[in-house]
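[1] Let me see the structure of the following:
(one chain, ligands or ions: 1)
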Amino acid sequence: MSLVRNTTEFICKVCGKPVGFDISDAKSYISKTEHDNFFGMTLTTYRVAHDTDTERHYNSVVVDHMGLFRGHRDAYAEPLPTVDPSTDRRYWVYHEDEVSGEPTNGIELALLISRDQRWVVDIVCPSAMNASEITTLVVDRVEEAQRVYNTIPQPIETRLADLDFYIWASDNRILCVVLRNQALLSSLNSFASRIIVESEADFIPRRRLLNLVFNVIEREPDLSTSMLSRLMNEDMLFTKFQTPFEDRIPSIVERTSTRFPIAKEILGPLLRGYITLIEALETVGYAHIQEVFDMIDFINRRRVLG
Ligand SMILES: [Zn+2]
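    Down below sits the predicted model:
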């Protein structure tokens, strides 16, 4: 089809440089995941890499059937194998341009650590604390526990400096948390195992997403763990949709809102590509997450769009 673009372009989330790849040339990307029809669009997630002098930058991007970039899923950097391995002892903090994770009423500190890729996502981390150093200490504690126990307790409870840590660990990932409100421990405990399991193609969950998940755990402890898992693994959260059926949007919003009142508030901006799904969730509040996803499923299942 001549409508398909040859080059899909986007801005690398790590270095801000333009990156291009060709959806019809499998050599120009690392992997792709196709999605079911979503809001009337056929979307695919591609994982694309480019190299600088010292690093390889990975971006996961959502692209439509025309090859047009629709949004980022994640991005991260890895040192190139040519770089002196002695500099690789450090854990690097995965920086994002979005708001930093300041402590909440319930959570003082929360870090997600990759043991093999050596990154840290500072989900909640006061600016007075050093995420990279804490990570080194926490990984040491996990290794110590692995020597002491045949099967380590989940969570490991330990004290570092003057802080009481809860640590959950898998072979690849570690989640460590310092709580202000101990009542959060049980809901955290039931979800922690899902955070430390790598879901697919070792995506780094974005800080903003994990922040959202932690806020939900704190404020809506009764939300099902399956809904939390869905949040963690939803490719479309950072995608701009912009449906091709713009003139039908008012009637679609009207009809959908008789069943899902939340549609009145967010569906129009979502379908016009003014806001992303994660912005919609942050707008409507954590109590409405289930309703938002039910609405999306309804639209997709009924093929309301297209
Ligand atoms: Zn880059």
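[2] Report the buried residues of stretch 283-303.
    Judged by neighbour count using 16 or more other CB atoms under 10 Å, the buried positions of stretch 283-303 are 286, 288-289, 292-293, 295-296, 299. Glycine gets a C-beta too; all of them are placed from N, C-alpha and C.
[3] from those residues, which two are the most distant?
    Spanning the widest gap among the buried residues of stretch 283-303 are Y286 and I299, at 21.3 Å by CB to CB.
[4] Spell out the residue ranges of the strands in the stretch 151-300 of the chain.
    Taking DSSP state E, counting those that start in this stretch, the strands of the stretch 151-300 of the chain run over residues 156-160, 163-169, 173-179.
[5] Residues contacting the second one, please?
    The one in question is strand 163-169. 108-109, 138, 141-142, 145, 152, 154-159, 174-179, 185, 188-189, 192-193, 195-196 (CB atoms under 8 Å, 6 or more residues apart in numbering).
[6] Now the stretch 51-200 of the chain against the ion: closest residue?
    H57 (3.4 Å; CB to the ion).
[7] residues near that residue, how many?
    19 (other CB atoms under 10 Å).
[8] do S186 as well
    Using other CB under 10 Å, S186 is surrounded by 9 other residues.
[9] gap between it and T225?
    S186 sits at a distance of 12 Å from T225 (criterion: CB to CB, to the nearest Å).
[10] ok, now H72?
    Look at H72 and T225: by CB to CB, they are 26 Å apart.
[11] Pick out whichever of those two has more residues nearby.
    With neighbours defined as other CB under 10 Å, H72 and T225 compare such that H72 has more, 20 against 13.
[12] So which of the strands of the stretch 151-300 of the chain is the most surrounded?
    Ranked by mean neighbour count, the strands of the stretch 151-300 of the chain are led by strand 173-179 with a mean of 23 (mean count of other CB atoms under 10 Å).
[13] Poorly predicted segments of the stretch 151-300 of the chain, please.
    Applying pLDDT under 70 to the stretch 151-300 of the chain flags residues 198-204.
[14] for the ion, what are the nearby residues on it?
    Contact residues (CB under 5 Å from the ion) of the stretch 151-300 of the chain with the ion: there are none.
[15] where do the helices sit along the stretch 151-300 of the chain?
    Using DSSP state H, counting those that start in this stretch, the helices of the stretch 151-300 of the chain run over 185-196, 207-219, 225-233, 249-259, 263-271, 277-284, 289-301.
[16] wouldn't N215 be in contact with I289 here?
    No - applying CB atoms under 8 Å, one finds N215 not in contact with I289, separated by 10.3 Å.
[17] one step back: turn the helices of the stretch 151-300 of the chain into CSV, columns for distance to I123.
    Formatted as CSV, the helices of the stretch 151-300 of the chain follow (distance: least, CB to CB, whole Å):
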stretch, distance to I123
helix 185-196, 9
helix 207-219, 4
helix 225-233, 12
helix 249-259, 33
helix 263-271, 25
helix 277-284, 15
helix 289-301, 18
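[18] and P81, how many neighbours?
    8.
[19] Check whether it sits in a helix, strand or coil.
    Of the three states, P81 takes coil under DSSP: H, G, I helix; E, B strand; the rest coil.
[20] Tell me the one of the buried residues of stretch 283-303 nearest T42?
    Lowest distance from T42 to these (CB to CB) belongs to I299, with 15.0 Å.
[21] Might you calculate how far stretch 286-298 sits from the centre of the chain?
    18 Å (CA atoms, centre = their mean, to the nearest Å).
[22] Put the alpha carbons of it into PDB.
    Only the C-alpha atoms of stretch 286-298 are listed here, as PDB (Å, rounded to 0.1, in the frame of the first residue of the first chain):
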ATOM      1  CA  TYR A 286      -7.900   6.700  41.400                       C
ATOM      2  CA  ALA A 287     -11.400   5.600  42.400                       C
ATOM      3  CA  HIS A 288     -12.500   5.600  38.700                       C
ATOM      4  CA  ILE A 289      -9.800   3.400  37.200                       C
ATOM      5  CA  GLN A 290     -12.000   0.400  36.900                       C
ATOM      6  CA  GLU A 291     -14.700   2.400  35.200                       C
ATOM      7  CA  VAL A 292     -12.300   3.900  32.700                       C
ATOM      8  CA  PHE A 293     -11.000   0.500  31.700                       C
ATOM      9  CA  ASP A 294     -14.500  -0.900  31.500                       C
ATOM     10  CA  MET A 295     -15.400   2.000  29.200                       C
ATOM     11  CA  ILE A 296     -12.400   1.300  27.000                       C
ATOM     12  CA  ASP A 297     -13.200  -2.400  26.800                       C
ATOM     13  CA  PHE A 298     -16.800  -1.600  25.900                       C
END
